[in-house]
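Student: Curious how this folds, go ahead:
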Amino acid sequence: MPNIQQDSHPTRYWHTLDDGRVQCDLCPRACKLKDGQRGLCFVRACEEGRIVLTTYGRSSGFCIDPIEKKPLNHFLPGTPVLSFGTAGCNLACKFCQNWDISKSREFDTLADAAAPDVLAAKARDLHCRSIAFTYNDPVIFHEYAIDVAQECRSLGIKTVAVTAGYVCAEPRQEFYRYMDAANVDLKAFTEHFYKYLTGGHLQAVLDTLLYLKHETPVWFEITTLLIPGENDSDGEIDQMSHWIMDHLGPDVPLHFTAFHPDWKMLEHAHTPHGTLTRARQIAKRNGLHHVYTGNVHDLEGGSTYCSSCDELLIARDWYVLKDWNLTAEGRCRKCQTPCPGVFEARPGDWGAKRQPVRLSV
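Tutor: Residues are numbered from 1 along each chain as shown. Modelled structure (predicted):
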């Protein structure tokens with residue numbers, strides 16, 4: 001029976017079953033646990049008849065990244081974001097690109113730590129405009145992420161969730177009450193893919209996207225990692241982009257990113273650059289205004305254009321901003337059409353730098 005950490009943190013989303021087990025109600029997995037057992041995420045566990053979080057205040061590391069790396073292209077462009085994750089995940093993606101963190105079962109991974117107020121103050125002192133919960137899904141460290149977000153809000157620091165969107169309705173509502181932006185990983189557009197390659201279900205993710213669009217002010221963008229032979233067909237990309245257009249509208253940015261062989265899918269090939277370009281063309285043809293390519297060097301696919309006159313608004317070379325043709329109000333300088341997103345009068349100049357940060361003493 002796994003050992004539960006002594007510094008476990010109480011949680012709210014669970015209930016006791018008739019047979020004495022405790023069901024975790026945070027995500028659709030609904031893990032049913034006996035005392036001493038852990039859920040699939042590994043970090044939420046049953047202890048003395050309740051579900052606890054065993055990684056509160058602990059991290060696999062902190063790093064200052066460009067906000068574009070999340071990826072977010074329409075949220076405070078060019079600014080630095082203090083990024084961190086913990087360990088574990090509530091999905092079981094065979095293609096995970098961060099498997100050393102998300103699949104970790106070793107608490108040695110959690111080598112750094114910070115109380116929420118310390119973390120928010122550090123972001124302020126490092127001149128970061130935001131903090132990102134990333135590297136693994138913040139849904140599973142729900143309580144810690146919310147506490148950090150509340151401290152950030154008091155200091156004027158924005159918060160970003162990089163997530164697969166696999167969460168139940170009630171905790172989803174609480175979580176996004178405190179988030180300013182999100183990038184949601186829409187891994188594919190078939191139930192077959194979700195069932196056999198992630199161990200999850202598609203509809204729960206679509207529900208999160210619908211909730212974000214229609215019931216919150218959270219700025220969000222969508223990312224799909226295109227895996228050759230799995231989710232990269234013209235038909236699937238056409239169906240997905242049609243759904244986004246019909247249910248979320250034309251202004252939600254969509255990122256198609258390149259897969260590299262990792263974790264349990266080492267036999268698959270890298271995504272050809274042409275596949276990303278083709279996907280971008282299909283999505284734009286279906287009416288989406290802002291479609292990007294990622295994990296490849298693509299000046300056109302990485303840049304932002306006016307949806308009205310096609311003027312180049314933000315030129316990007318990887319994570320470095322070049323041309324900037326937005327007004328202080330976030331409009332196209334040429335035709336005055338607003339560009340959807342969260343913009344400041346001037347872009348940041350953080351560029352492509354990556355700066356590790358040590359918080360614990």
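Student: going forward, measure contacts between C-alpha atoms and count neighbours the same way
Tutor: Noted.
Student: mind listing the helices in the stretch 1-150 of the chain by residue range?
Tutor: 99-102, 116-125, 142-155 (DSSP state H, counting those that start in this stretch).
Student: can you pull the buried residues of the longest one?
Tutor: Judged by neighbour count using 16 or more other Cα atoms under 10 Å, the buried positions of helix 142-155 are H142, E143, Y144, A145, I146, D147, V148, A149, Q150, E151, C152, R153.
Student: Make TSV out of those residues and add distance to A164 and pLDDT.
Tutor: Listed next are the buried residues of helix 142-155 as TSV, based on distance: Cα to Cα, whole Å; pLDDT from 0 to 100:
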residue	distance to A164	pLDDT
H142	13	98
E143	17	98
Y144	18	97
A145	15	97
I146	17	98
D147	20	98
V148	20	97
A149	19	98
Q150	22	98
E151	24	98
C152	23	98
R153	23	97
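Student: Widest-spaced pair of the residues you listed?
Tutor: Distance extremes for the buried residues of helix 142-155: the farthest pair is H142 and R153 at 16.4 Å, using Cα to Cα.
Student: what residues does stretch 179-195 touch?
Tutor: 70-72, 75, 149, 158-165, 200-202, 205, 209, 217-225, 230-231, 236-237, 239-240 (Cα atoms under 8 Å, 6 or more residues apart in numbering).
Student: just for the stretch 101-250 of the chain, where's the confidence low?
Tutor: 101-111 (pLDDT under 70).
Student: quick one: the strands in it?
Tutor: Under the criterion DSSP state E, counting those that start in this stretch, strands of the stretch 101-250 of the chain are mapped to 112-113, 130-133, 158-163, 181-185, 219-226.
Student: For P261, find the nearest of these.
Tutor: strand 219-226 (11.6 Å).
Student: What angle do strand 158-163 and the closest one make with each other?
Tutor: Angle of strand 219-226 versus strand 158-163, following axes from the mean of the first three to the mean of the last three Cα atoms, to 10 degrees, is 30 degrees.
Student: Alpha carbons only: can I get strand 219-226 in CSV?
Tutor: Taking C-alpha atoms only, strand 219-226 is exported to CSV below (Å, rounded to 0.1, in the frame of the first residue of the first chain):
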residue,chain,number,x,y,z
TRP,A,219,-8.9,34.4,-22.4
PHE,A,220,-8.1,31.0,-23.9
GLU,A,221,-6.4,29.4,-26.9
ILE,A,222,-6.4,25.8,-28.1
THR,A,223,-3.5,23.5,-29.0
THR,A,224,-3.6,20.3,-30.9
LEU,A,225,-0.4,18.2,-31.2
LEU,A,226,-0.7,16.5,-34.7
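Student: got the angle between that strand and strand 181-185?
Tutor: 20 degrees.
Student: Check which helices and strands strand 219-226 sits against.
Tutor: Where contact means 3 or more Cα pairs under 8 Å, 6 or more residues apart in numbering; DSSP states H and E, strand 219-226 is packed against strand 181-185, strand 254-258.
Student: model confidence over the last one, on average?
Tutor: Just to be clear, that refers to strand 254-258. Across strand 254-258, pLDDT averages out at 97.
Student: Tell me how far whichever helix or strand comes after it lies from the chain's centre.
Tutor: Downstream of strand 254-258, the next assigned helix or strand under DSSP states H and E is helix 273-285. Chain-centre distance of helix 273-285: 22 Å, with Cα atoms, centre = their mean, to the nearest Å.
Student: Could you spell out the sheet neighbours of the helix or strand following helix 273-285, each with its direction?
Tutor: Note on helix 273-285: by DSSP H and E, the next helix or strand toward the C-terminus is strand 291-294. In the sheet, strand 291-294 lines up against strand 254-258 (parallel) (DSSP bridges).
Student: and C128, what does it touch?
Tutor: I64, T79, P80, V81, L82, I157.
Student: again, 10 Å this time
Tutor: Neighbouring residues of C128 by Cα atoms under 10 Å, 6 or more residues apart in numbering: 64-67, 79-83, 120, 122, 157-158, 350.
Student: what's the most distant pair in those?
Tutor: A120 and W350 (19.2 Å).
Student: The two - which one has more neighbours?
Tutor: Neighbours were counted for A120 and for W350 using other Cα atoms under 10 Å; A120 has more, 28 against 20.
Student: related to what we said a few turns ago, how about the buried residues of helix 142-155 in a markdown table, adding distance to Y196?
Tutor: Formatted as a markdown table, the buried residues of helix 142-155 follow (distance: Cα to Cα, whole Å):
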| residue | distance to Y196 |
| --- | --- |
| H142 | 26 |
| E143 | 29 |
| Y144 | 30 |
| A145 | 29 |
| I146 | 31 |
| D147 | 34 |
| V148 | 34 |
| A149 | 34 |
| Q150 | 37 |
| E151 | 39 |
| C152 | 38 |
| R153 | 39 |
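Student: Just give me the closest of the residues you listed to R58.
Tutor: Y144 (9.0 Å).
Student: Run through the residues that contact the closest residue to that closest one other than its chain neighbours.
Tutor: Counting by Cα to Cα, 6 or more residues apart in numbering, Y144 lies nearest to Y56, which is 5.6 Å off, once chain neighbours are set aside. With contact set as Cα under 10 Å, 6+ apart, Y56 has these partners: 7-10, 43, 86, 113-116, 141-145, 147.
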